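> need a 3D model of the following:
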Amino acid sequence: ENAMICRWSYCSAGFWLGSMNLTSVSRNVALCIKEVAKHKQNTMLYSAMGIAHSCSQLSGIKGDTADIGIKSYDELDEIGEKTNNAFLAWQIFNNRMIDHFWMRDYMTVAELSNKYSEKHPSSSSPQKRILQVLRLFYEGIAY
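Modelled structure (predicted):
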């Protein structure tokens, strides 16, 4: 399990930090998805699918994830809601935001941010406030 968490973290960091090109991230995500699916690590599986969506959206290439059966963002959102998995919901929300942000679809960024804010109101806890930084960053640029 720790090895899978490390692989997912490597993929996620490669994407979010831009330390690898999108083709390399996509290749690593495909390997990660196959591995975590084998071991039924669903949260990592669905989160990796979110990264795979972003890689293909931003690069315009399906790459190594084309034959894996990636779920849509709507399906992933539904899974996050049904399982009450805040981590997954946040990951998928961030992937959607970054897709629209880098595609310069700022109206959709603003709409997604408002929708997320209504569903998940800010909390006064410091841990949850920190999570709002990315949302506010993208929303601020969108407006």
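> tell me where this structure has helices.
2-17, 22-38, 42-59, 73-82, 86-102, 106-119, 126-142 (DSSP state H).
> burial measure for the residue nearest to residue 89 when sequence neighbours are not counted, as a count.
With Cβ to Cβ, 6 or more residues apart in numbering as the criterion, residue 89 has its nearest non-adjacent residue at 3.8 Å, and that residue is residue 80. All C-beta atoms are positioned from the backbone trio N, CA, C, and that covers glycine. When neighbours are defined as other Cβ atoms under 10 Å, residue 80 has 22 of them.
> now for residue 80: which residues touch it?
The contact partners of residue 80, by Cβ atoms under 8 Å, 6 or more residues apart in numbering, come to 46, 86, 88, 89, 92.
> if we go to 7 Å?
Taking Cβ atoms under 7 Å, 6 or more residues apart in numbering as the criterion, residue 80 is in contact with 88, 89, 92.
> ok, the last one touching residue 75?
No. The pair residue 92 and residue 75 fails to qualify as a contact (Cβ atoms under 7 Å) at a distance of 9.7 Å.
> which one of these two has more residues nearby?
More crowded of residue 92 and residue 75, by other Cβ under 10 Å: residue 92, with 26 against 13.
> against residue 1, how distant is the more buried one?
According to Cβ to Cβ, to the nearest Å, residue 92 and residue 1 sit 22 Å apart.
> okay, the residue lying closest to residue 100 once chain neighbours are set aside: pLDDT?
Sequence neighbours aside, residue 108 is the residue nearest to residue 100 in space, at 4.4 Å (criterion: Cβ to Cβ, 6+ apart). Note for residue 108: predicted pLDDT of 89.
> just give the number of residues close to residue 108.
Per other Cβ under 10 Å, the neighbour tally for residue 108 reads 16.
> check what pLDDT residue 52 gets.
pLDDT, residue 52: 90.
> give the contact list for it.
The neighbourhood of residue 52, defined by Cβ under 7 Å, 6+ apart, consists of 26, 29, 33, 65, 70.
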